[in-house]
Structures are given as structure tokens and as C-alpha cells.
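1. with the input below, show me the fold.
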Amino acid sequence: MDGRKLIAEFAGTFWLVFGGCGSAVLAAAFPDVGIGLLGVSFAFGLTVLTMAYALGHVSGAHFNPAVTLGLWAGGRFAGRDILPYIVAQVVGATIAAYLLYIVASGAPGFDLAQNGLAQNGFGDASPGRYSIGSGLIVEVVLTAGFLVVILGATDERAPAGFAPIAIGLALTLIHLISIPVTNTSVNPARSTGPALVVGGLALEQLWLFWVAPIVGGMLGGVIHRAVFGVKDEPDVAGQQRS
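-> Numbering: from 1, shown residues only. The predicted model follows:
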């Protein structure tokens, strides 16, 4: 395993959590100029879009255990590299969450228990008080759709050079749909970082944000493989297999 790939996965996932969750924690509720749901949704999409262009040629720009497993299920990623990728992603997300907490704590009146770190949840922890069933469905379906977009956009028959735009916009759409339901995960690493810092209910409910995105990601990979087959084409977010 090339260490540069793991550094890229660490950095990209760090950027996703610090930028995406940071937009929700630091900017969304800012008096008078808060960016709101639309702004947070675009922030998450932009983190992936920018880092896919910056680091996609190094690691394939997964930044998400569900994407790594979905690409493997779709025949685009080697099984031996799954665990190192996931470890790098979770470490990047966790460090980003702790640094975000330090920054947020610099604001007068910030309270971790009350304000949180854009952690995911269902039931009482859901922004819209959606049930566990609603959360499970939305996370599975949207992660599956995300993988279909990723695999389709990086197909050799797709227009070259535009995959990060399609993937970033897909993540934006996903957030526009599901922030009220679960605060949007579709990414176990993104969920793990804030949950480890916040603890309590966020940590108790973390299991769903591993199970549902992984099931959805692998389902998306299987769907793409069944429909389009497996070719010697981009194996990770647009990079040719060596």
C-alpha cells in the first residue's frame, strides 16, 4: 500500500468533516448571515468536489468507508486495501472533529451538549425528530444512489474530467434531502468524528451510521456491476488501475 494514498485519504476526509461540519457549526446559525440548510449542503458538496480534483489522482478520493466498500463491491477497488483506507478516513475525520470543537469553543456561550458538532442522529437526535426507520431508509437509499453516481461518473464512457463535479453535486443533493432526517451521514467516518467528541446519544446511535451507509454503498456497487459489468477502467474516482 502506497503511503501517499493513505495520506490523501486522511487529508480529504479531514477536509470534508472540518469544512462540511464546520459550515454547520460555525456558519449555519450565525446571527443575520447564517448560511442555512442550502449553504451547509453546498459546503459538503464543495469539500468533496475540491478534494477530488486535488487528490483524486493520488488515492481516488474516497474519503468515505461506504464509498471504499461500494467501489470494492462494484469491482473497482482491491479488497486488500479496504482496511487501510478506512482507518485513514476515520482518523482524518476524528482529528477534524476535535479541531472543530476547539475552534467552536472560542465563541462565547458555546456549549457542546447544546450546540453539538453537526453529529448524526435519529429520534430525539434527528433535526426533524424522524424515526429510526426513516433514518435507516434514507441513509441506505441515498448512499446507494451516491455510489451509482460515483461509478457512473467515473466510467470510461462518461465525459472525462467532470466526475468530481457530478459527485460533489450529488452530495449536495443528498444533504438537501436528508439533513432534516439524520443530519446526513452517508459516510461512517464523517459520523464517527463528531460522535467521538460529543459522546452520549450521538455515540449510542453511531451504529446506524455505519450499518446503513455501508449497506447502501455496497448495494450501489452491486447495482452498477449488474447493469454495466466490470471493466478495466477507473477503479477509484477516475483513476486507472495499474
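
2. next, the residue nearest to the spatial centre of the chain: phi, psi?
-> For the chain, the residue nearest the mean C-alpha position is residue 187 (3.8 Å; CA atoms, centre = their mean). Residue 187 adopts backbone torsions of phi -160, psi 100, taken as degrees, to the nearest 10.

3. next: residue 130.
-> According to degrees, to the nearest 10, residue 130 has phi -70, psi 150.

4. now it: closest residue in space that isn't a chain neighbour?
-> Of all residues not flanking residue 130 in the chain, residue 181 sits nearest, at 4.5 Å (CB to CB, 6 or more residues apart in numbering). Any C-beta I mention is one placed from the backbone N, CA and C, and that applies to glycine too.

5. likewise for residue 224?
-> Residue 224 sits nearest to residue 151 (CB to CB, 6+ apart), 4.1 Å away.

6. for the one you found, give me its contacts.
-> The contact partners of residue 151, by CB atoms under 8 Å, 6 or more residues apart in numbering, come to 70-71, 74, 76, 220-221, 224, 228.

7. quick check: residue 65 touching residue 84?
-> No. Counting by CB atoms under 8 Å, residue 65 stays clear of residue 84, with 11.5 Å between them.

8. the two: who's more crowded?
-> Counted by other CB atoms under 10 Å, residue 65 and residue 84 do not tie: residue 65 has more neighbours, with 27 against 16.

9. distance-wise, check that one relative to residue 42.
-> According to CB to CB, to the nearest Å, residue 65 stands 23 Å off from residue 42.

10. ok, back up a step: so the residue nearest to residue 130 makes contact with residue 131?
-> No. With contacts counted by CB under 8 Å, residue 181 stays clear of residue 131, the gap being 9.3 Å.
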